[in-house]
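# kindly generate the corresponding structure for this input.
(4 chains)
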Protein chains: 2
Amino acid sequence: MKRDSRLSGVLHVLLHMAEVDAPMTSEALANMMKTNPVVIRRVLAGLREHQLVCSAKGHGGGWQICRALDTISLYDIYRALDEPTLLAMGNRTESPGCLVEAAVNDALNQAFHDAEALLLERFRTVTLAQLSADFHQRKQAHGFSGHHEHSIFPDQ
Amino acid sequence: MKRDSRLSGVLHVLLHMAEVDAPMTSEALANMMKTNPVVIRRVLAGLREHQLVCSAKGHGGGWQICRALDTISLYDIYRALDEPTLLAMGNRTESPGCLVEAAVNDALNQAFHDAEALLLERFRTVTLAQLSADFHQRKQAHGFSGHHEHSIFPDQ
DNA sequence: TTTTCATGCAACATATAAAGTTGCATAACT
DNA sequence: AGTTATGCAACTTTATATGTTGCATGAAAA
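Residues are numbered from 1 along each chain as shown, chains lettered A, B, ... in the order given. As a prediction, this is how the structure comes out:
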């Protein structure tokens, strides 16, 4: 089964936005993400409803993060994406008439529920500020290790 | 994202097979699962490679579990299904050139890895025998609580 | 030995959902 | 006014899981 990479993608986008002071256009972001501007707008529109980002039309318009990075957790973003499915597996039917299936469901649901809870707990404890700090650390380390500038600047 | 219910489905099938002494045909199993016999054969063929079930052709043929129920864990079945994806989310790209994306990936991968490990650990500690015992308990309880026979017998 | 019943397998068809695309309206800045 | 950006709806494309058909193979029964 194919994995949903929207959370990963949105985080990427947000951290790039955090690096720039001015609004970024959906076209610029789409270039970075190798996708279509409309796709960017669609997903950022969801974040805007949750007051995570703001958008402005016209000249000099675009998208900006509108809250302090340390007040935005991965869980906030997860919710703004409409709480997408976490697990790739599920039960065939909920509330089945078959007692065999009921036994199966209960066993799997316990495991599934615990795994989901663990993931969400992790999401709650990680903020954009932490990710940004991690990125700046890497940039430093990358610079000191003798690489050239073109590879220091994030290009993707 | 739609969830993969093959594990749930296979467990259902196996527990029904465990209730019967004779081989069950893919057609009978397909009726129970409301699907196509070929689909049943496809998935059971995978389990056969791992010596979890046996199949026989011709008259009186069909499928049977060929190991003791307490020696088959959910993890065995998971592996026999070719270790399907557990999480519905993943990173956009692995080993990215962009340092922003690297930071994002690391944060998410930690959470993802731990959740997967938790799930697999649960799979390892649950056997078909346990699920079967759970089912028989439910059947008892169901009988004592005054329901009628047609609803006691698993029909789905 | 012929018929029947079952799996084995490959090729094809269908259904569904995610992603991408197009076109045009709306709003803001120059 | 003209340019640049988002907003939104409708449509197209692509990927993948699932379902389906047809025929070969093998085993038991008649």
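# for chain A, what lies in contact range of DNA strand C?
Chain A comes close to DNA strand C at residues A:4-6, A:34-36, A:38-39, A:56-61, as judged by C-beta under 7 Å from any atom of the strand. Any C-beta I mention is one placed from the backbone N, CA and C, and that applies to glycine too.
# can you name the residue of chain A nearest to DNA strand C?
Proximity to DNA strand C, evaluated over chain A using C-beta to the nearest atom of the strand, is greatest for residue A:58 at 2.7 Å.
# now that residue: which helix or strand?
In this assignment (DSSP states H and E), residue A:58 forms part of neither any helix nor any strand.
# likewise for residue A:141?
Per DSSP H and E: helix A:128-144 holds residue A:141.
# now do the contacts for the closest residue to residue A:60 other than its chain neighbours.
The shortest distance from residue A:60 to any non-neighbouring residue, by C-beta to C-beta, 6 or more residues apart in numbering or on different chains, is to residue A:23 (6.8 Å). By C-beta atoms under 8 Å, 6 or more residues apart in numbering or on different chains, the contact set of residue A:23 is A:55-56, A:60-64.
# ok and the helix or strand harbouring residue A:100 relative to helix B:128-144, angle-wise?
Assigned by DSSP H and E, residue A:100 belongs to helix A:99-125. Inter-element angle recorded for helix A:99-125 and helix B:128-144: 120 degrees (by axes from the mean of the first three to the mean of the last three C-alpha atoms, to 10 degrees).
# list the buried residues in helix A:99-125.
Across helix A:99-125, burial judged by 16 or more other C-beta atoms under 10 Å in any protein chain shown covers A:99-105, A:107-108, A:111-112, A:115-116, A:118-120, A:122-123.
# how far does that helix sit from the chain's center?
22 Å (C-alpha atoms, centre = their mean, to the nearest Å).
# what of stretch A:56-70?
On C-alpha atoms, centre = their mean, the centre of stretch A:56-70 falls 17 Å from that of its chain.
# end to end, how far does that stretch reach?
23 Å (C-alpha to C-alpha, to the nearest Å).
# do the same with stretch A:82-102
By C-alpha to C-alpha, the extent of stretch A:82-102 from end to end equals 29 Å.
# and that stretch, anywhere near DNA strand D?
No - using C-beta under 7 Å from any atom of the strand, stretch A:82-102 stays clear of DNA strand D, with a minimum separation of 9.1 Å.
# could you list the buried residues of that stretch?
Quick answer for stretch A:82-102 (16+ other C-beta under 10 Å): A:86-93, A:96, A:98-102.
# and residue A:93, its phi and psi?
Main-chain dihedrals, residue A:93, degrees, to the nearest 10: phi -140, psi 140.
# can you give me the pLDDT of the nearest residue to it once chain neighbours are set aside?
Among residues not flanking residue A:93 along the chain, residue A:101 sits closest, at 6.6 Å (C-beta to C-beta, 6+ apart). pLDDT recorded at residue A:101 is 89.
# I'd guessed residue A:101 sits against residue A:107; true?
No - using C-beta atoms under 8 Å as the test, residue A:101 is too far from residue A:107 to be in contact (10.9 Å).
# on that earlier part again, what distance do you get for the residue nearest to residue A:60 to residue A:61?
From residue A:23 across to residue A:61, the span is 6 Å (C-beta to C-beta, to the nearest Å).
# what of residue A:87?
To residue A:61, residue A:87 is 38 Å away according to C-beta to C-beta.
# now residue A:140
33 Å.
# quick one: low-confidence parts of chain A?
By pLDDT under 70, the low-scoring segments of chain A are A:143-156.
# near DNA strand D, which residues of it?
A:1-2, A:25-27, A:37-38, A:41, A:44-45, A:48, A:55-59, A:61-63.
# quick one, which of these are buried?
Looks like the residues of chain A next to DNA strand D have A:25-26, A:41, A:44, A:55, A:62-63 buried, using 16+ other C-beta under 10 Å.
# quick check on the nearest residue to residue A:62 once chain neighbours are set aside: phi, psi?
Excluding the flanking residues, the one nearest residue A:62 by C-beta to C-beta, 6+ apart is residue A:23, at 3.3 Å. Dihedral pair for residue A:23: phi -60, psi 150, per degrees, to the nearest 10.
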